[in-house]
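# missing the sequence, but the structure's below:
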């Protein structure tokens, strides 16, 4: 049974309109694939998630930017992305010690296509799933990359899949989540889509739609030194890389709305891209897209929590799923109390 | 009558302990002064706020860092602050077009003390109070700087004072606010204090303790193109400037908790300092201070809203005070509903 | 008598072609003006130099970027320039303690033009002329700004003028210098122009066309703690701000060719702008413009040395002019020896 | 026969004193190893160079910083290095498409040592040797990393070794070079050491000791789109990471002295480290170390050229060695002409 999203349980996140899928794939051409590796005997809960920004990034070279809220992470490819304001491969996510294998494979796939290619800059992000998976076994292989690529689709699967198989956030099992929000510039509507790999946050800090639903819990697995959140932002607005960087910075604000404090070991990165288009947007018209970024990020993180299922960590401790229905009931009750509609 | 703070109305912000004053002056040696310029005939609601990091910053040179969430602002002095990781003057806040007058005066006061001084780097931040004050009259003079300095005290006055005389935030009259939170590192407690000059946010986005109390209101003055928030962070933890920069970045997370989206024209800066001390803190022990920064910022902003009183803008439109008691009642009611304590 | 430039003495700097004026004003629309304040009785050798990027920067908003090689300086306006990638006023240069007066005046002039303007971001750079001028007297006034603006012309006066009246570099009297170099992209020629205010370098490090002409000299005034160089780059190539930032970074390489080491107190900044144009340049075609930037910077600095005349510092010590003819003779002789054309 | 260094041919580079080895290993504890892979049948000229900053970087965590002059490169590990100001592994250099294999192996070696390690941030830089080596064959393996590590020594081998086996610079065969310079702070002498992997520059731009020895040559292999230079800086001065970043920025100035323009495709990075020590250096005392950085970089690059031997590129074209003796003779002749000592 597919888990229900908040909206299906009656809870709308934010005040802006979502795109048709409420997913990063509402930006035309974006596709997402996963390869999930769950093997209790080998103590593995990990995987690879790949996001294709467009059918042929090497040829199209989407505009790109990034933001580093907390650089305590092993992301690959950011210095060149910043220098030239472009990406030239799919963007991949995996576990902390898997990034180099994945990057190498993405490079190899590009080079194989054309013997004239001597240089390619793959972009890979990571979260540390070592509490739930035997990360030191270096389980990720080329095949997992290929499989994730082969499964890419505009229908994003959320939750305990791909790079999200072994992550947890705010004391609950977490994983992949996505959302989108619309922003209008000069009467034209643009989409901002976000996909997150969530592995951060303490249970007592959790806020859903603002409501501080988190409660201290001695039993909850602690956020360790090896948290992280990777946020990928896509837009169909015709922005240059500097402007896209302004959008990317707002992902931190959406993250904060859910209650993150970006603790020392939580590598918190945003990788952003926009497909090249004719036209341009003036900075003074960017505010609706900035607001859309904040809300899409907030929603994507909540979606990651809602879509994930209970699991067991390497020490045999239960990592609970977020009790979605109960949470929504509490939030709706509190919202009614807040507005005085308490009948 | 001094406005009540949330805690006095029964509402505690965050889960961490505040310092004795719940103010940036809980960091030893910090003092804050204001010069407020309210003159209805000249359409003026503006002023200068000055924060002294220590008795003699020129000699002591506190460690400094900054974070720029949105660089759309006229702050003075940041490039050198970043390069050498120090401040050497008090930090001032004023209106957008007053920064250069204030910076010049701060420099002059330093140079006057010692003829051997040829170079000094004053640090000044600003918010645009042009909707409430005749900013184009360039009303700030040297005397206002001197007066703010002369009034510096460890008792911070909040609300419609100094640089906050003419600001508004989240659709309400705002101004200066401050708070502090404690964080323990290796068993020793340190203080993180924050002072804000708030001039940003849309009413419908306002969140207090997370609770989305904001409501759409056609009547509310729009957040204009010229918002901004200046955040000043102080700590007594023995951090180097790189570490202090990590703290400074978390102010954006506290700001986001109140519902900001850092729109295009909202110059959102954090200026941070730490007094030199023996010892050092390891990065892996910083997380309690990072969390303290988030909460202190959130609280300082809410304090700015609670402490400000209704005023009238230049077009004669009412800029209401936040209805503090009603808000607190709503939040407490919602909190009870959220936790099930609804008797 | 106007001092001769190296080319007039038979010495060509670099291998690329210069524009018609070999000046920043080879970029169409750029104009430069000076107000020079030399008053031996008041111990003043200072001034204001203003560069107009185009006839109406407020309306046109040229694309802008900057590079900070050494942030030990009091430049005004850089954070907003970086955020929005634009300038909206002329760019001014003056002495270290004059920047705020000049910035304020530039803002005032903009605001006076249109009562709807509440916010403006003037950009001002500085060098410290305190060794030659009574900087602590804060001699710069609004009138000096107005006069520099009024004198703006496409014919740049070099040497001991404007902000360069009291600067010295590599142990010689220095000041304002300018140059330009051409770069071809896809068969179309573009201009890169540079203007410098030079106040840095030790005599023994001086290199002209590479040749290490500098010699240790106990008599030479030491480079003090308050050096600096401001470099302004203009181009007519259709670049976005990120690309312009790549050009700006190359000014440091031109500076290094003359022998700078960017010592602690030498605030070394580049402010770059490009007038908006149709079309765009791909990054992979930028290299000729990057090389043109290096050479134009090198040439502009040498021009500043060649154009300046002997003066006396505040302590009555002679600050010699570079012995231009002798230097050129030495360099030409060495060049002949290097290439074997020693007949 | 070991190639001679410039000093052995009578040419001293710069005016500062070198350390005993004139190498990065003059910084105590630093060791360098190479694995060189030259196989004409497989068209391979590539390898791995590893620099150990200290005997146990995981435990000692040397202070670190970096500077990115041109981010067009695939360096691994820089975001975390910047965030926490530390390195925790050896620093490796290899070819562009080998970085991920090398990074993965360095991580694996760390993790193997201690099962409690879940996260490690290897730092790897690269140059593109694709013109001389079949880079697309991905020839680098774990064994090459292990071999380079095993060979680490305080005696640095320069030239066509390790990652430098297949690089060329300024139109000549190049590779690994190293140098050191001393700087005094408060009477105490500190060492700045630099090691470079040089793969950049055009023949006509080459400058040795400033002298523009380069000459246009149609026959010289063009600097392609895939140049680069990696610079590693080490110091025994007790600096914090912000200060170390100031040093790292000066490597670009040393690079410029040799005639680089940092063209679009030339990824030019500096990775810097300092071993933790008691004490501290004030910024205002840093200038001797900044100058030492410039000179050590200049010398290291020239050393790389002097130490490399003629080779053949993949298309069978000769890549000549720099004609060291002839060059030195020319420079000495020109120097004599410059100073008038022409007898």
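Cool, the structure landed. Not measured: the values here are computed from a predicted model.
# Write out the residues of the stretch 51-200 of chain A neighbouring chain D.
A:68, A:70-80, A:82-84, A:96-97, A:99-101, A:103-104, A:107-108, A:111, A:115, A:117-122, A:128, A:130, A:135-136, A:138 (CB under 8 Å from any CB of the partner chain). Yep, even glycine has a C-beta here, placed from its N, CA and C like the rest.
# In ChimeraX, how would I select just the buried ones from the residues you listed?
Here is the ChimeraX selection string for the buried members of those, based on 16 or more other CB atoms under 10 Å in any protein chain shown:
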select /A:68,70,71,72,73,74,75,76,77,78,79,80,82,83,84,96,97,99,100,101,103,104,107,108,111,117,118,119,120,121,122,128,130,135,136,138
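# in the stretch 151-300 of chain A, which spans are strands?
Along the stretch 151-300 of chain A, the segments classed as strands by DSSP state E, counting those that start in this stretch run A:168-169, A:172-173, A:176-185, A:188-199, A:228-235, A:267-274.
# Work out the gap between the helix or strand where residue A:66 lies and the centre of the chain.
Assessed by DSSP states H and E, residue A:66 sits inside strand A:63-70. Centroid separation for strand A:63-70 versus its chain: 13 Å, with CA atoms, centre = their mean, to the nearest Å.
# Out of the strands of the stretch 151-300 of chain A, the one nearest chain B is which?
Nearest to chain B among the strands of the stretch 151-300 of chain A is strand A:267-274 (9.6 Å), distances taken as CB to the nearest CB.
# The closest one near chain D anywhere?
Yes: looking at strand A:267-274 against chain D by CB under 8 Å from any CB, the contacts come from A:267, A:269.
# now that strand, how far from the centre of its chain.
The gap between the average C-alpha position of strand A:267-274 and the chain average comes to 9 Å, counting by CA atoms, centre = their mean.
# who does that strand touch, helix- and strand-wise?
strand A:63-70, helix A:78-84, strand A:123-127, strand A:228-235, helix A:241-257, helix D:78-84 (3 or more CB pairs under 8 Å, 6 or more residues apart in numbering or on different chains; DSSP states H and E).
# of the residues of the stretch 51-200 of chain A next to chain D, list those near chain C.
Contacts with chain C are made by A:83, A:84 out of these, judged by CB under 8 Å from any CB.
# what ranges do the helices span in the stretch 1-150 of chain A?
Under the criterion DSSP state H, counting those that start in this stretch, the stretch 1-150 of chain A carries helices at the ranges A:57-60, A:78-84, A:99-113, A:142-150.
# nearest to residue A:270, of these?
Closest to residue A:270 of the helices of the stretch 1-150 of chain A, according to CB to CB: helix A:78-84, at 10.5 Å.
# Settle this for me: residue A:303 is touching residue A:4, isn't it.
No: applying CB atoms under 8 Å as the test, residue A:303 and residue A:4 come out as separate, 10.6 Å apart.
# Who has more neighbours out of those two?
residue A:303 (29 against 14; other CB atoms under 10 Å in any protein chain shown).
# The nearest residue to the more buried one once chain neighbours are set aside and residue A:321, how far apart?
Nearest residue to residue A:303 in three dimensions, chain neighbours excluded: residue A:177, at 3.6 Å (CB to CB, 6 or more residues apart in numbering or on different chains). Using CB to CB, to the nearest Å, residue A:177 is found at 13 Å from residue A:321.
# Tell me which of those two has more neighbours.
residue A:177 (29 against 19).
# wait, the residue nearest to residue A:303 sits on residue A:297?
No: Residue A:177 is beyond contact range of residue A:297, at 9.7 Å (criterion: CB under 8 Å).
# okay, and the common contacts of these two?
residue A:196 (CB atoms under 8 Å, 6 or more residues apart in numbering or on different chains).
# any chance of the helices and strands packed on strand A:267-274 in JSON lines, plus mean pLDDT?
Formatted as JSON lines, the helices and strands packed on strand A:267-274 follow (pLDDT from 0 to 100):
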{"stretch": "strand A:63-70", "mean pLDDT": "98"}
{"stretch": "helix A:78-84", "mean pLDDT": "98"}
{"stretch": "strand A:123-127", "mean pLDDT": "98"}
{"stretch": "strand A:228-235", "mean pLDDT": "98"}
{"stretch": "helix A:241-257", "mean pLDDT": "98"}
{"stretch": "helix D:78-84", "mean pLDDT": "98"}
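# Figure out which of the ones you listed is closest to residue A:54.
strand A:228-235 (9.7 Å).
# I'd like to know which elements the closest one is packed against.
Looks like strand A:228-235 contacts strand A:91-95, strand A:123-127, strand A:188-199, helix A:241-257, strand A:267-274, helix A:287-306 (3+ CB pairs under 8 Å, 6+ apart).
# quick one: the second one to chain centroid distance?
Computed by CA atoms, centre = their mean, the separation of strand A:123-127 from the middle of its chain amounts to 10 Å.
# how close does residue A:328 sit to chain B?
Separation of residue A:328 from chain B (CB to the nearest CB, to the nearest Å): 12 Å.
# what do you get for residue A:259?
Per CB to the nearest CB, residue A:259 is found 8 Å from chain B.
# where does the stretch 101-250 of chain A come near chain B, residue by residue?
A:204-205, A:207, A:209-213, A:215-216, A:225, A:246, A:249-250.
# any idea how far the residue nearest the centre of chain A lies from chain C?
Residue closest to the average C-alpha location in chain A (CA atoms, centre = their mean): residue A:196, at 1.0 Å. Look at residue A:196 and chain C: by CB to the nearest CB, they are 25 Å apart.
# Residue A:95 too?
Spatial separation of residue A:95 from chain C under the definition CB to the nearest CB is 32 Å.
# got it, and residue A:145?
Residue A:145 is 28 Å from chain C, by CB to the nearest CB.
# ok, now residue A:191?
23 Å.
# Low-confidence ranges, the stretch 101-250 of chain A, go.
Within the stretch 101-250 of chain A, the stretches with pLDDT under 70 are A:216-226.
# Can you name the residues of it that neighbour chain C?
Selection of the stretch 101-250 of chain A residues close to chain C by CB under 8 Å from any CB yields A:240, A:241, A:242, A:246.
# so what's the last one closest to, chain neighbours aside?
Put plainly, it is residue A:246. In space, residue A:246 is closest to residue A:286, 6.4 Å off (CB to CB, 6+ apart).
# tell me the contacts of that neighbour?
A:185, A:239, A:243, A:246, A:247, B:264.
# so what's the fourth one up against?
Residues in contact with residue A:246 (CB under 8 Å, 6+ apart) are A:283, A:286, A:290, B:70, B:264, C:83.
# Repeat that for the first one.
If a contact means CB under 8 Å, 6+ apart, then residue A:185 has A:237, A:281, A:285, A:286, A:288, A:289 as its contacts.
# try the second one
Residues near residue A:239 by CB under 8 Å, 6+ apart: A:63, A:247, A:274, A:280, A:281, A:286, A:289.
# so can I have a markdown table of these showing distance to residue D:156?
Formatted as a markdown table, the contacts of residue A:239 follow (distance: CB to CB, whole Å):
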| residue | distance to residue D:156 |
| --- | --- |
| A:63 | 42 |
| A:247 | 46 |
| A:274 | 45 |
| A:280 | 51 |
| A:281 | 52 |
| A:286 | 51 |
| A:289 | 52 |
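# Good, wrapping up.
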